[in-house]
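Got a predicted structure here, sequence first:
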Amino acid sequence: MIGGNLSGPSAVLIISFVCAMLSALQMAIGSETDGGVSCGYFSTDPNDRSGPSIHFYADLSDDSEHLPTESAGVGRADFTLERDTLKLSWTVRFKDLTSQATGLHIHGPVPAEGLAPPIFDLAPEPFMSPVEGEKILSQGEVAYFVQHLVYVNLHTTRYPEGELRGSVRKTPPTC
């Protein structure tokens, strides 16, 4: 629909197509970045571990929490996945929590705003902002990240089920 609002699967499909076309164009004209690999890198081979790192993010707020919370807290999680080693590195920053942070996890797999158990911890207790860490992911965990089936949940003493939450999304490449 020209001039209309695109969202959901249609928008993802169109954006993926445009990125693939831009990638092909860049390769055709010889424009390369990211250490010699086109920034629009795409491979149809599911076992391809070459190419640039994949970046993900999650904006954390109380709006995304499953149970109602009243928090002025906000945060941001940034992730980098190295394709060749499957090492995931992260930095999580947050502020203005209602109480002491008690847990910081990746939960999944889950579609949209559902609930899922923790897959792994992002921080040992006790912790403060910023939190940094790394972990080698399994193939299944990589699939959850790439398919947007995980979320970050920050738990506090006041909100043990979670005060801040954010869905993990791929960061679009910048060329």
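Cool, the structure landed.

From now on I want contacts and neighbour counts done on CA atoms only, so please keep to that.
OK.

mind giving me the domain split of the protein?
The record's domain split for the chain, according to automatic domain parsing, is 1-46, 53-170.

among the ones you listed, which is the most enclosed?
Greatest average neighbour count among the domains of the chain goes to domain 53-170 (a mean of 18), per mean count of other C-alpha atoms under 10 Å.

Quick one: distance of that one to the chain centre.
In terms of C-alpha atoms, centre = their mean, to the nearest Å, the centre of domain 53-170 is found 8 Å from the chain centre.

Endpoint to endpoint, that domain covers what distance?
11 Å (C-alpha to C-alpha, to the nearest Å).

Run through who's touching stretch 121-131.
By C-alpha atoms under 8 Å, 6 or more residues apart in numbering, the surrounding residues in contact with stretch 121-131 are 90-95, 101-106, 132-133.

Closest one of those residues to residue 154?
Closest approach between the contacts of stretch 121-131 and residue 154, by C-alpha to C-alpha: residue 104, at 4.5 Å.

Could you give the bridge partners of the closest residue to the closest one other than its chain neighbours?
Nearest residue to residue 104 in three dimensions, chain neighbours excluded: residue 154, at 4.5 Å (C-alpha to C-alpha, 6 or more residues apart in numbering). Residue 154 forms beta bridges with residue 104, residue 164, as assigned by DSSP bridges.

who are the neighbours in contact with residue 154?
101-105, 162-165.

still on that earlier bit, among the contacts of stretch 121-131, which are in strands?
90-95, 101-106, 132-133 (DSSP state E).

Turn the domains of the chain into TSV, columns for mean pLDDT.
Output for those, formatted as TSV (pLDDT from 0 to 100):
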stretch	mean pLDDT
domain 1-46	47
domain 53-170	93
